[in-house]
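> Predicted structure and sequence below. I'll ask about it afterward.
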Amino acid sequence: MKISKAIAKQVKGAKDKMLSLPPKKRDMASEADGKRICNTCVEESSVGSSDEPIVFDPTSTGITNPQIATFGDFLACINNHDLRGATLLLTDDAAFVFRALDGSFVHEMAWEDFAEESKKLSDSFPDFSIKHKSVSQGKDGVLKIHHAIASGTHSGAPYGVGPFPPIEASNTRVVNDPEDMHITFHDGRIQKIEWFAKGENVGPAGLYTQIGGFPLV
């Protein structure tokens, strides 16, 4: 079993609920407009897949697809460490599903557990962010985010995953391997995000590896 799968199962088993968070201002589009996407979340524009999906240019202005606007707002909240704002964009039963390189199921997290891990990441990597290359949407309505990369600098709190020991910060810059995200909506809100690994260093385990956590000695 790969390390990333082992850690994923540990994270899934977490039972502690999300810690109370201080209120923060939401960097989101006006609800009346609902048409903004956070340009800072985009790495560069690229052409979509060969199955002729509808391809959008995330760097353009005036995007009218409401699902892309909602995703842009959600990612802006994650990048700005605004978990309260992100919660408002999700259904009550929102799920986060993680898949391996071959597309096989690894594990699933509820929003409470995902948010708790996000809080740990922002405490340890104050500049943590996720940027992507392009967005497309197939006939099934699933929004596809291509080549999403998580990165940050370990300059904050010690960081550990699962039962493994936290590593003290040393200002190490880390960049994960790419992942694709498939997003399903219900009544205008995000109901499920599936993460498809495109490399070995993905998720919290990928960050932990790059700051010296793995392999264990």
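Arrived safely, thanks for sending. Residues are numbered from 1 along each chain as shown.
> From now on I want contacts and neighbour counts done on CA atoms only, so please keep to that.
Noted.
> Where do the helices of the protein begin and end?
Under the criterion DSSP state H, the chain carries helices at the ranges 3-12, 66-79, 83-87, 111-124, 203-210.
> which one of those helices lies closest to Gly188?
Checking the helices of the chain against Gly188 by CA to CA gives helix 66-79 as the closest, at 7.0 Å.
> helices or strands next to that closest one in the packing?
Helix 66-79 sits against helix 83-87, strand 129-131, strand 189-197, with contacts defined as 3 or more CA pairs under 8 Å, 6 or more residues apart in numbering; DSSP states H and E.
> ok, longest strand in the chain?
strand 143-154 (DSSP state E).
> quick one: strands adjacent to it?
Note on strand 143-154: by DSSP bridges, its sheet partners are strand 129-131 (antiparallel), strand 134-137 (antiparallel), strand 172-175 (antiparallel), strand 179-186 (antiparallel).
> worst average pLDDT in these?
Among these, strand 134-137 has the lowest mean pLDDT, at a mean of 94.
> and it, how far from the chain's centre?
16 Å (CA atoms, centre = their mean, to the nearest Å).
> for stretch 77-86, same thing?
Relative to its parent chain, stretch 77-86 has a centroid offset of 11 Å by CA atoms, centre = their mean.
> List the buried residues of that stretch.
Neighbour counts over stretch 77-86 (16 or more other CA atoms under 10 Å) mark Cys77, Ile78, Asn79, Asn80, His81, Asp82, Leu83, Arg84, Gly85, Ala86 as buried.
> ok, what's across the strand from the residue nearest the centre of the chain?
Nearest to the geometric centre of the chain sits Ile130, at 6.4 Å (CA atoms, centre = their mean). As for beta bridges, Ile130 partners with Ala150 under DSSP bridges.
> ok, back up a step: and the helices and strands packed on helix 66-79: which comes nearest Pro66?
Closest approach to Pro66 among these is made by strand 189-197 (9.9 Å; CA to CA).
> distance between the ends of stretch 162-176?
Using CA to CA, to the nearest Å, one end of stretch 162-176 lies 18 Å from the other.
> Please consider this matter closed, and thank you.
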